[in-house]
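**Q** Just need the structure, nothing else, for what follows:
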Amino acid sequence: MPYLANLAELGLQPIRWYTVTNSTLWMALTVLAIAAMMLLGTRGRSVVPSRGQSIAELAYGFIHKMVEDVAGKEALRYFPYIFTLFLFIIFSNFLGLIPTAFTPTAQIAVTAVLALAVFLGVTILGFVKNGASFLQLFWVSSAPGWLRAPLAVIEVISYFVRPVSHSIRLAGNMTAGHAVIKVFAAFAALLAVSPLAILGVVAIYGLEVLVCAIQAYVFTILTCVYLKDALHPHH
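**A** Take a look at the predicted model:
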């Protein structure tokens, strides 16, 4: 085709429906790692669990209890989505700690999609379940009468800021941790400071392991809080 020939002459590749990039590759590896743990790790389903089965059961029980405690038993029907979200984020975070690996959750495009899916999902669910009474979420009835309208405006603004803070928090923390590790690694090339730089890399790497788990937890528990608001806007 003339169009493709012109692109080839310019040294460009045509845009196709799917292009392998670092982000898509490591997201695919994340899905494969999750499938390996949840399917292969639990295929035996023995009374005395293997290590893989123990990890899968602990993760399942931890998120199940989180959803029930934060959003109530009515929210358990949405547990599969929340559990999938948690697994995707925490596996993406930890796989990104592998040297030369890529962290999809450090990309704002990825975290924005995750946050917008949560935001739109709970908003639609709130109106479907409660109708117009979902708007009670923005009306602070316990406040003095003269203060309720200004508070309602603040509540509406804070509600629409949710996907922004939800996505930037995760991407920002993942990016910052990796950037600090790279800074210390660059100093490791200098003989005078290499021992300190190596110790710094080890310390920051250990901190980054903790941050990876905490950020997955924070993203998930905020999702549960938003789900609670959709199911019980008058609380």
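
**Q** and the gap between residue 95 and residue 118?
**A** 22 Å (Cβ to Cβ, to the nearest Å). No exception for glycine: its C-beta is placed from N, CA and C like everyone else's.

**Q** If you could redo that for residue 102, that was the one I meant.
**A** 23 Å.

**Q** circling back: ok, residue 95 and residue 118, which is more surrounded?
**A** residue 118 (23 against 19; other Cβ atoms under 10 Å).

**Q** Grab the longest helix from the chain for me.
**A** helix 145-187 (DSSP state H).

**Q** after it, next one along is what?
**A** The element immediately downstream of helix 145-187 (helix or strand, assigned by DSSP states H and E) is helix 194-231.

**Q** What mean pLDDT does whichever strand or helix holds residue 115 get?
**A** Under the criterion of DSSP H and E, residue 115 resides in helix 108-130. Per-residue pLDDT over helix 108-130 has a mean of 92.

**Q** Tell me what angle that helix forms with helix 145-187.
**A** On the basis of axes from the mean of the first three to the mean of the last three Cα atoms, to 10 degrees, helix 108-130 is oriented at 150 degrees to helix 145-187.

**Q** Now residue 181. Nearest residue, chain neighbours left out?
**A** Once flanking residues are discounted, residue 181 sits nearest to residue 204: 5.2 Å by Cβ to Cβ, 6 or more residues apart in numbering.

**Q** Likewise for residue 232?
**A** With Cβ to Cβ, 6+ apart, the residue lying closest to residue 232 is residue 72, at 7.1 Å.
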